[in-house]
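> quick one: sequence plus predicted model below, questions after.
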Amino acid sequence: MGVTAFVVYTMSTSRPSQAMAANAAEQHAIEQWCASGLEPIEGGGCFAPPSEMRWPVPMIVYLHGRYGPNEIDEEMDRQSRVMHLATAKGYAVLAMHGVQGECSAPDMKDWWCWPSNERNANDAPAFVKRIDDTIARARERLGAGPNLLLGFSNGGYFAELIAKRALDRFDAIAIAHAGPIDVPPAKRETPPILLVTADDDLSDADMMQLDDELTRTKWPHALVAREGGHALPDWDIDSAITFFDRARKEPLPFSPPLATRSVRPRIVDAGEDAPSVSDAGEEVGVDGGLDLGDL
């Protein structure tokens with residue numbers, strides 16, 4: 001996997017000694033930051049224009065899941081696939097990068113994470129400021145256009161935090177394999193949200209809980225599910241792109257609904273007053289296993 005060098009940058013948050021330290025490990029990771037096909041852009045992101053420019057250009061801002069120093073190649077693969085699938089369909093891609101020390105778990109101090117839970121939610125505005133600055137640099141190249149947010153796993157929790165606290169304005173948001181965050185929502189316009197889950201993912205029960213929450217609060221959203229576990233395969237990325245395409249043209253609930261591959265019965269593209277279905281089992285979730293937002 002080819003990589004592109006990147007200039008080290010700094011920013012301040014409430015925990016500079018952990019999350020923002022410019023140590024040797026951080027610099028080494030930044031030098032391997034952008035997957036082949038993306039280029040570093042001022043502000044701390046990796047940018048790729050669409051294969052064919054058609055104005056106004058939609059842009060997907062991609063937030064990765066948590067990963068450690070030994071998992072850089074896996075993240076570069078995800079970043080690369082998001083770029084290839086999106087740019088082929090007319091989207092620009094801006095892949096942003098979390099920081100070491102933002103995971104709440106002490107044994108993950110050298111992992112790259114985003115603000116994702118009640119304990120580090122106050123760090124979020126500084127991260128959003130960096131994202132906004134980088135979006136502005138990308139838009140200088142592309143011109144004005146819709147901005148869409150795709151968050152995977154730990155990045156999905158951060159995407160939800162951005163939406164609930166109204167920290168930024170995106171035209172639509174896709175949250176893949178994350179779960180609910182207990183933070184008070186701000187009063188504002190609610191962008192349409194796509195939830196992407198999987199039958200054998202330990203976060204599936206939490207995603208269904210988030211589906212229930214969005215339904216109760218009448219937040220326009222759709223749900224798609226597939227077989228398999230915790231990952232970001234091409235099907236998930238394609239589902240997000242399809243959702244972004246349609247959300248910019250038609251209101252929710254979609255008719256016909258988005259395609260799903262779940263082997264479990266679920267209500268997909270539930271309307272504002274429709275009930276939600278969760279049959280993932282109560283033994284899995286925050287208290288039973290994977291909790292990618294509590295790191």
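Nice, I can see it.

> what strand or helix carries Gly37?
Here Gly37, judged by DSSP states H and E, is contained in no helix and no strand.

> swap that for Leu150, sorry
strand 147-152.

> ok now that strand, how far from the chain's centre?
Mean C-alpha position of strand 147-152 versus that of the full chain (CA atoms, centre = their mean, to the nearest Å) differs by 5 Å.

> now do stretch 41-61
That offset, for stretch 41-61, works out to 16 Å (CA atoms, centre = their mean).

> what residues sit buried inside it?
41, 43-50, 57-61 (16 or more other CB atoms under 10 Å). C-betas here are computed from N, CA, C, even on glycine.

> ok, now stretch 216-223?
Trp219, Pro220, His221, Ala222, Leu223.

> closest one to Ser203 out of the residues you listed, please.
Set against Ser203, the nearest of the buried residues of stretch 216-223 by CB to CB is Leu223 (13.4 Å).

> what sits closest to that closest one if chain neighbours are left out?
Among residues not flanking Leu223 along the chain, Leu195 sits closest, at 4.7 Å (CB to CB, 6 or more residues apart in numbering).

> which stretches of the stretch 101-250 of the chain aren't confidently modelled?
Scanning the stretch 101-250 of the chain for pLDDT under 70 picks out nothing.

> hey, where'd the strands end up in it?
Remark: strands assigned in the stretch 101-250 of the chain by DSSP state E, counting those that start in this stretch are 112-113, 147-152, 172-176, 193-198, 221-226.

> make CSV from those and add distance to Gly68 to it.
Below are the strands of the stretch 101-250 of the chain laid out as CSV (distance: least, CB to CB, whole Å):
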stretch, distance to Gly68
strand 112-113, 8
strand 147-152, 16
strand 172-176, 20
strand 193-198, 22
strand 221-226, 26
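
> quick one: which of those is nearest Val82?
strand 147-152 (7.0 Å).

> show me what contacts Glu75?
By CB atoms under 8 Å, 6 or more residues apart in numbering, Glu75 lies in contact with His64, Gly65, Tyr67.

> Ser51 versus that one, what's the distance?
23 Å (CB to CB, to the nearest Å).

> parallel or antiparallel, which strands does the strand holding Leu150 pair with?
Strand 147-152 has these partner strands in its sheet, going by DSSP bridges: strand 59-63 (parallel), strand 172-176 (parallel).

> can those go into TSV with extra columns for distance to Ser104?
Shown next, in TSV, are these (distance: least, CB to CB, whole Å):
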stretch	distance to Ser104
strand 59-63	17
strand 172-176	19
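
> which one, of these, ends up nearest to Trp33?
strand 59-63 (12.7 Å).

> tally of neighbours for the residue lying closest to Gly156 once chain neighbours are set aside?
Once flanking residues are discounted, Gly156 sits nearest to Ala178: 3.1 Å by CB to CB, 6+ apart. By the criterion of other CB atoms under 10 Å, Ala178 has 28 neighbours.

> for Ala178, give me its contacts.
151-157, 159-160, 203, 206-207, 210, 292-293.

> which one (most neighbours) among these?
That'd be Tyr157 among the contacts of Ala178, by other CB under 10 Å, with 34 neighbours.

> correct me, but that one touches Ser116?
Yes. The pair Tyr157 and Ser116 qualifies as a contact (CB atoms under 8 Å) at a distance of 3.6 Å.

> now the phi/psi pair for Tyr67, please.
With angles defined as degrees, to the nearest 10, Tyr67 sits at phi -160, psi 160.

> just give the number of residues close to it.
Tyr67 has 21 nearby residues by other CB under 10 Å.

> partners of it in the sheet?
Beta bridges link Tyr67 to Trp112 when assigned by DSSP bridges.

> picking that back up, could you dump the buried residues of stretch 216-223 to TSV with distance to Val93?
As requested, these are exported to TSV (distance: CB to CB, whole Å):
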residue	distance to Val93
Trp219	26
Pro220	25
His221	23
Ala222	22
Leu223	24
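
> tell me the one of those nearest Ala231?
The closest of these, once distances to Ala231 are taken by CB to CB, is Leu223, at 17.7 Å.

> look up how far Ala176 lies from the closest one.
Taken as CB to CB, the span from Leu223 to Ala176 is 11 Å.

> common neighbours of those two, please.
Joint contacts of Leu223 and Ala176 (CB under 8 Å, 6+ apart) are Thr197.

> could you check the angle the longest helix seen in the chain makes with strand 147-152?
Criterion DSSP state H: the longest helix present in the chain is helix 124-142. With axes from the mean of the first three to the mean of the last three CA atoms, to 10 degrees applied, the angle from helix 124-142 to strand 147-152 works out at 130 degrees.

> fine by me, we can end here.
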